[in-house]
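> structure of the sequence below:
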Amino acid sequence: MLKARKVGNSITVTIPKDVVAELGITEGTEMNVFVREDTVVMQPALSKWDRLVARVRREAADRGLAETDVDQAVSEIRAGKRRGASPKNAG
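A predicted model of the protein is given here:
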């Protein structure tokens, strides 16, 4: 059971760790909150896939990688040109 607490002019409820993990919520995740048949429903504004893609794009940008760099790396891997890469049907 969760307990609602007053924080400033709002009421907050802490989401349990296992629920946070199941939904893949992290600090800063935007949430949709609405009422459906006397029940409060919370869901991430973006799907898990969309959040993963956004995180990968942020991390790539933080490392100075552009989309063209990623496209080139994928092409090289597919062609078996990258170090340690092996063609899919080799052998």
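
> look up phi and psi at Asn32.
When read as degrees, to the nearest 10, the backbone of Asn32 gives phi -90, psi 130.

> spit out the contact partners of it.
Counting by C-beta atoms under 8 Å, 6 or more residues apart in numbering, Asn32 touches 42-45. Where you see a C-beta, it was placed from the backbone N, CA and C, and this is true even at glycine.

> number of nearby residues for Pro16?
Other residues near Pro16 number 10, with proximity taken as other C-beta atoms under 10 Å.

> residues in contact with it?
Leu2.

> over to Leu52?
Counted by C-beta under 8 Å, 6+ apart, Leu52 has contacts Gly24.

> show me where this protein has strands.
Using DSSP state E, the strands assigned to the chain run over residues 5-7, 10-12, 31-36, 39-44.

> let me have those strands in TSV, extended by distance to Val19 and mean pLDDT.
TSV is the format used below for the strands of the chain (distance: least, C-beta to C-beta, whole Å; pLDDT from 0 to 100):
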stretch	distance to Val19	mean pLDDT
strand 5-7	17	95
strand 10-12	15	93
strand 31-36	12	93
strand 39-44	9	90
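
> out of these, which one sits most buried?
Ranked by mean neighbour count, the strands of the chain are led by strand 39-44 with a mean of 11 (mean count of other C-beta atoms under 10 Å).

> could you dump the strands of the chain to JSON lines with distance to Asp69?
Shown next, in JSON lines, are these (distance: least, C-beta to C-beta, whole Å):
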{"stretch": "strand 5-7", "distance to Asp69": "43"}
{"stretch": "strand 10-12", "distance to Asp69": "42"}
{"stretch": "strand 31-36", "distance to Asp69": "33"}
{"stretch": "strand 39-44", "distance to Asp69": "29"}
